[in-house]
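Trainee: Sequence plus predicted model, see below.
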Amino acid sequence: MRALLDTNFLMIPGEFKVDIFSQLISLGYLEFFTIDLVVEELEKFSTKGGKVSRAARLALELIKNCDVTVIKTKNKESVDAELLKTAKERNLVICTQDKELIKKIIQAGMRYITLRQGKYLVESGSI
């Protein structure tokens, strides 16, 4: 199975000290993707300073070191719109902490993965 990682999901290791990749693998996800807009957001956050900056820099390192494929987007719509479109086109499960995006995923009848209790990943949505 294949997972599409959102900005805030990639920042989980820096914020909550959770190894998202080992947990995704234990859920059966072996291929990891993100979109170029997410990388751009992380690059912006990485220059802000403080905890957010450290988490964003770690996320950028994880993208490089954990075989995360960066998908180039064409329309450059909102990040959420591009994540939804990419997930539908490529049959990917979106990994996110964004409550508004989760609502859109549910409305679209898709699956998603999120962090629960600051410790473990849970898959939800239509299967």
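Mentor: The structure has been received and is ready for your questions. Numbers count the residues shown, from 1 in each chain.

Trainee: Buried residues in the longest helix along the chain, which are they?
Mentor: Longest helix in the chain, counting residues (DSSP state H): helix 50-65. Residues of helix 50-65 classed as buried: 54-60, 62-63 (neighbour count, 16 or more other C-beta atoms under 10 Å). From N, CA and C alone the C-beta is placed, and that goes for glycine too.

Trainee: other SSEs contacting it?
Mentor: helix 7-10, helix 12-16, helix 36-45 (3 or more C-beta pairs under 8 Å, 6 or more residues apart in numbering; DSSP states H and E).

Trainee: re earlier: can I get the buried residues of helix 50-65 in a markdown table with distance to residue 32?
Mentor: Output for these, formatted as a markdown table (distance: C-beta to C-beta, whole Å):
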| residue | distance to residue 32 |
| --- | --- |
| 54 | 21 |
| 55 | 18 |
| 56 | 17 |
| 57 | 18 |
| 58 | 15 |
| 59 | 12 |
| 60 | 14 |
| 62 | 9 |
| 63 | 9 |
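
Trainee: so what's residue 15 closest to, chain neighbours aside?
Mentor: Leaving out its chain neighbours, the residue that sits closest to residue 15 by C-beta to C-beta, 6 or more residues apart in numbering is residue 55, at 5.0 Å.

Trainee: Output the contacting helices and strands for whichever strand or helix holds residue 113.
Mentor: Element membership of residue 113, judged by DSSP states H and E, is strand 111-116. Secondary-structure packing of strand 111-116 (3+ C-beta pairs under 8 Å, 6+ apart): helix 7-10, strand 93-95, helix 99-107, strand 120-125.

Trainee: what lines up beside the shortest one in the sheet?
Mentor: In the sheet, strand 93-95 lines up against strand 2-5 (parallel), strand 111-116 (parallel) (DSSP bridges).

Trainee: okay, and for this protein, where does confidence drop off?
Mentor: Counting by pLDDT under 70, the chain contains low-confidence ranges at 126-127.

Trainee: So residue 77 belongs to a helix, correct?
Mentor: No - using DSSP: H, G, I helix; E, B strand; the rest coil, the assignment for residue 77 is coil, not a helix.

Trainee: switch to numbering from 80
Mentor: Done: numbering now begins at 80, and the last item shifts to residue 156.
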